[in-house]
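Visitor: below are the sequence and a predicted model for it; my questions follow.
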Amino acid sequence: MSAPVLEVRNLSVHYRIARAGGGQALLRAVEDVSFSVRRGQTLGIVGESGSGKSSIARALLRLVPAAGGTAQFRGADLLALEGAALQQARRHVQMIFQDPLASLDPRMTVEDIIAEPLRVFARELNTAQRRSAVLAMMERVGLAAEHLTRFPHEFSGGQAQRIGIARALILKPDLVVCDEPLSALDVSIKSQISNLLKDLQRELGLTLLFISHDLAAVRFSCDDVLVLYLGRVMELAPRDVLFATPRHPYTRALLDAVPVPDPAAARARRAALLRGELPSPLAPPSGCVFRTRCPVAEPRCAALSPEARRIGDTEVACHLAAG
Amino acid sequence: MAVPARPALLEVRDLAIEYRTPDGVVRAVRGVDLDVREREFVGIVGESGSGKSQLLLALLGLTSPGAVVSGSIRYGSEELVGAPAAVLNRIRGNRISMVFQDPMTALNPYLAIGTQLTEVLRLHRGFTRAAALARAAELLDAVQITEARRRLRQYPHELSGGMRQRVMIAMALACEPQILLADEPTTALDVTVQAQILELLRELRGRTGTAVVLVTHDLGIVAELADRIAVMYAGRIVEEAPVDTLFAASLHPYTDALKRSIPRIDLALPERMASIPGNPPNPARLPTGCAFAPRCGHRIERCTSELPPLREIAPAHRKACCRDDLPAGPGAPA
C-alpha cells in the first residue's frame, strides 16, 4: 500500500453569512472531516448539493480559509503555508473544473492556456522548450498539434475539457483536484474523458481527488469513496466495499436513487425513497445530521452525534450500522 | 409487445426547425414524425444539440422568434404549426402544459406561489379568486406539498429546489391537461430529490391519465417511466420503440453505443468505459448521409451518401439506419 500524498485531519470550513434582518450566522459547510489520498490512487468525494464537497476542494486549494484542521502535503501543513512557500505548493496541486469552457480564458490560444503554468512556475524554460512540452501534453490528452493556435470557443465541451486537463497536468502535479469533471459533458463524451483520466493516471502516476455527485462515475473512477452529508463524513470505504455493502443508511439511499437504464430492473427495484430534502446547513439537526431523513432513525440519533467507527474496511458514522 | 390501439392525441409530421445564423443555417430538427397517444408516456432521449428540447418547445409554439418551423403538428382538429397566438393561448397551460428544467427561472420571483398557481385557473377556467385558491391548495396536496395554505403565500426563493419543481408540476396539472410536456424536469435536482419527483410523475400519471412527453439526456430516467422511447441524434429521430424493445433489442448503432457508454452501478465494473469516438456534428454543418456515420463502428459506404429514412422494421419499432443486416443488441466495435 503506497504512502499518502495528502493527509487531511479534522478539516472544518465555516462561512459567515449575513442574516436577513441584520446580524450574522455561521454556516458550517465542512465539519471535522478526515481522509487521506494515497499516491497513484483516486479518492472520490460524493455528496449532494450543500454537502460541502466543493468547500473541501476550495480549502485545499487555499481559495477559502479553513476554520480548523490540517492537511499534510509534501512534508508541510498545506493549510498553514504562507507567502513563497504557499506559492511553491500551488505548483504541486492543480485543479480540473466542472465547466471546461467557463474555466478557459476566451482570449487566450490553446497554447497560451496550457503553457501558462509553465510560464509561472518553470521560468527556466525557453519558448521552444515550452512549446515542445505543450505539444507533448496535447498529444497525451488527445488534442492535435493544429489546435495550438485555436481559441476555446472553437472547441466542443469534451475537447475543451481535454485542454483543461492538459493545463492541470503540464507541471506534473502531486495532486489533482477534479471538481465534477464530467458533469457538464454529454453521455458519449463523459465516457471518453473517464477513460482518458484513467489512462493518464496509469501513465503519469497521478493522485486524484475526484469530487462528484454521480455515483456511477465515482464507481468507475475511484479507488476509495467518501460520502458526505451536510458537511459531515457519513461513510468512507474502498470502492468495491462501499458499493457491495454500503453501511450507512444515507449511502444506501443514494445508491437506491440512481436511475438504472434497464426497464425490467427498474420496475423490480422500486427504491425506498428518502423523505424531504436537505435541511438548512444554518440549522443542522441535533445529533446525527442525517436523522431527519433517515428511514431507521431512533431517539438516540437525535441526542448524540455518532462517532466514526471501523467495521472491516469501512469507516461509518452511524449508531445503527451493524458489523 | 402489442401496439396500443389508442388514438393519437398529437400527430407530428415532417417537422423541421431551422435557425439562420452567421454560421449558416442551423438545422435543429429535421423530418421528425411522432405520435403521442392517450395516456401514453413517451420519452425523448438525446444529447445536447440533438434537437430534443427544440422539438418539445415547438409542440407549444414556444421556439424563439428566429426559428423557422415547417411541417405539421396536429392536435385534434387544430394545426399548431403557424397557428395564431389566440389558438395557442387557448391550448397552452390548459390542454397541453409544460414543466421546465429549472423551476427557479421558470417561476416568477416577484409573485407568491398562490398567485402563479391560480393564474391558469382564472384565465382558462374562469374561477373566482377564492375558488382558484381552494383548488390551488388541493393541487399542492396532490404533489405532496404539506401545509398547502401557508405555501400559497410564500415566494419561490422560500422553497427548496424539489419543492419548486413540485409547484411547477402542480401548475402544469391545474387545468387537467391531456398532455404534459416535461423538459429535463429533474436535471437541476439532487439524486435523492430526483427520485422523489420521478415517483410523483409516475403516481400522477397513473391517477390522472395525462399523457406525458418527457425529454432527457438520461436513459435511466426513461427506462423507469416511459412506455415508448424515441432516440434523437443531430435533429432526427434515429430509433423509436417500446421501452422493453429498445433496451433488449435496440437496432440502431447509436442507441446501442449510448446504452453501453452509461456507467452502471448494477453491473460488473468494466476495465474501460465503452465510448463513442469523436463529437456530435455541428448542426450548421451536417454531413451528407447519416449524421452518425462518422462516429459509427458499422459504417459502410452507403452511410455517407444516403440519408436513411425512419422506417418500421418490426411492429411499433422504427429505425433510421442503412444497415438492415445488423443483429439486435450489443455488437458495435467501439
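Guide: Arrived safely, thanks for sending.

Visitor: show the contacting residues for residue 71.
Guide: Picking chain A for this. A:6-9, A:11, A:59-60, A:77-79 (Cβ atoms under 8 Å, 6 or more residues apart in numbering or on different chains). All C-beta spots, glycine's among them, are computed from the backbone N, C-alpha and C.

Visitor: not quite, I wanted chain B
Guide: B:Gly71 neighbours (Cβ under 8 Å, 6+ apart): B:12-16, B:31-32, B:81.

Visitor: phi and psi next, for it.
Guide: phi 100, psi -160 (degrees, to the nearest 10).

Visitor: look up how far B:Val213 lies from it.
Guide: 17 Å (Cβ to Cβ, to the nearest Å).

Visitor: before we move on, what about A:Leu282?
Guide: 39 Å.

Visitor: now swap in B:Cys321 and tell me
Guide: On the measure of Cβ to Cβ, B:Cys321 and B:Val213 end up 24 Å apart.

Visitor: got it, and A:Pro117?
Guide: 47 Å.

Visitor: more neighbours: those two, which one.
Guide: B:Val213 (24 against 19; other Cβ atoms under 10 Å in any protein chain shown).

Visitor: who touches the more buried one in this structure?
Guide: B:36, B:42, B:44, B:56, B:59, B:179-182.

Visitor: near chain A, which residues of the stretch 201-334 of chain B are found?
Guide: B:217-221, B:223-224, B:243-244, B:247, B:257-259, B:261-266, B:269-270, B:272-277, B:279-280 (Cβ under 8 Å from any Cβ of the partner chain).

Visitor: which residues touch the helix or strand containing B:Arg13?
Guide: When elements are assigned from DSSP states H and E, B:Arg13 belongs to strand B:8-21. With Cβ under 8 Å, 6+ apart as the test, strand B:8-21 has contacts from B:25-38, B:51, B:54-55, B:58-59, B:63, B:66-76, B:81, B:96, B:178-179, B:211, B:235, B:284.

Visitor: repeat the analysis, applying 7 Å as the threshold.
Guide: With Cβ atoms under 7 Å, 6 or more residues apart in numbering or on different chains as the test, strand B:8-21 has contacts from B:25-38, B:54-55, B:58-59, B:63, B:66-75, B:178-179, B:211, B:284.

Visitor: please list the residues of chain A that sit near chain B.
Guide: Residues of chain A lying near chain B by Cβ under 7 Å from any Cβ of the partner chain: A:48-49, A:156, A:158, A:186-188, A:191-192, A:194-195, A:213, A:215-217, A:219-220, A:243, A:253-255, A:257-263, A:265-266, A:271, A:273-274, A:277.

Visitor: strands along chain A, start to end?
Guide: A:4-18, A:24-38, A:42-46, A:68-73, A:76-77, A:93-96, A:175-179, A:208-212, A:224-229, A:232-238, A:309-311, A:314-316 (DSSP state E).

Visitor: possible to save those as TSV with mean pLDDT?
Guide: Below are the strands of chain A laid out as TSV (pLDDT from 0 to 100):
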stretch	mean pLDDT
strand A:4-18	95
strand A:24-38	95
strand A:42-46	97
strand A:68-73	97
strand A:76-77	96
strand A:93-96	96
strand A:175-179	96
strand A:208-212	96
strand A:224-229	98
strand A:232-238	98
strand A:309-311	96
strand A:314-316	97
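
Visitor: of the ones you listed, which is nearest B:Arg149?
Guide: For these, proximity to B:Arg149 was assessed by Cβ to Cβ; strand A:24-38 is nearest, at 28.5 Å.

Visitor: re the thing from before, quick one: which of the contacts of B:Val213 sit in strands?
Guide: B:36, B:42, B:44, B:179-182.

Visitor: let me have those in a markdown table, adding neighbour count and pLDDT as columns.
Guide: Listed next are these as a markdown table, based on neighbours: other Cβ atoms under 10 Å in any protein chain shown; pLDDT from 0 to 100:
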| residue | neighbour count | pLDDT |
| --- | --- | --- |
| B:Val36 | 22 | 96 |
| B:Val42 | 25 | 97 |
| B:Ile44 | 28 | 98 |
| B:Ile179 | 22 | 96 |
| B:Leu180 | 23 | 96 |
| B:Leu181 | 27 | 96 |
| B:Ala182 | 26 | 96 |
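
Visitor: B:Pro294: which of those is nearest?
Guide: Using Cβ to Cβ, these come closest to B:Pro294 at B:Ile44, 23.2 Å.

Visitor: identify the bridge partners of that closest one.
Guide: B:Val215, B:Ala230 (DSSP bridges).

Visitor: do I have it right that it meets B:Met232?
Guide: Yes. Assessed by Cβ atoms under 7 Å, B:Ile44 is found in contact with B:Met232 at 6.3 Å.

Visitor: now do the shared contacts for those two.
Guide: B:Lys52.

Visitor: so A:Ser286 makes contact with A:Ala302?
Guide: Yes. Shown here, A:Ser286 and A:Ala302 form a contact pair, counting by Cβ under 7 Å, at 5.6 Å.

Visitor: give me the number of residues near B:Leu269?
Guide: If we define neighbours as other Cβ under 10 Å, then B:Leu269 has 13 of them.
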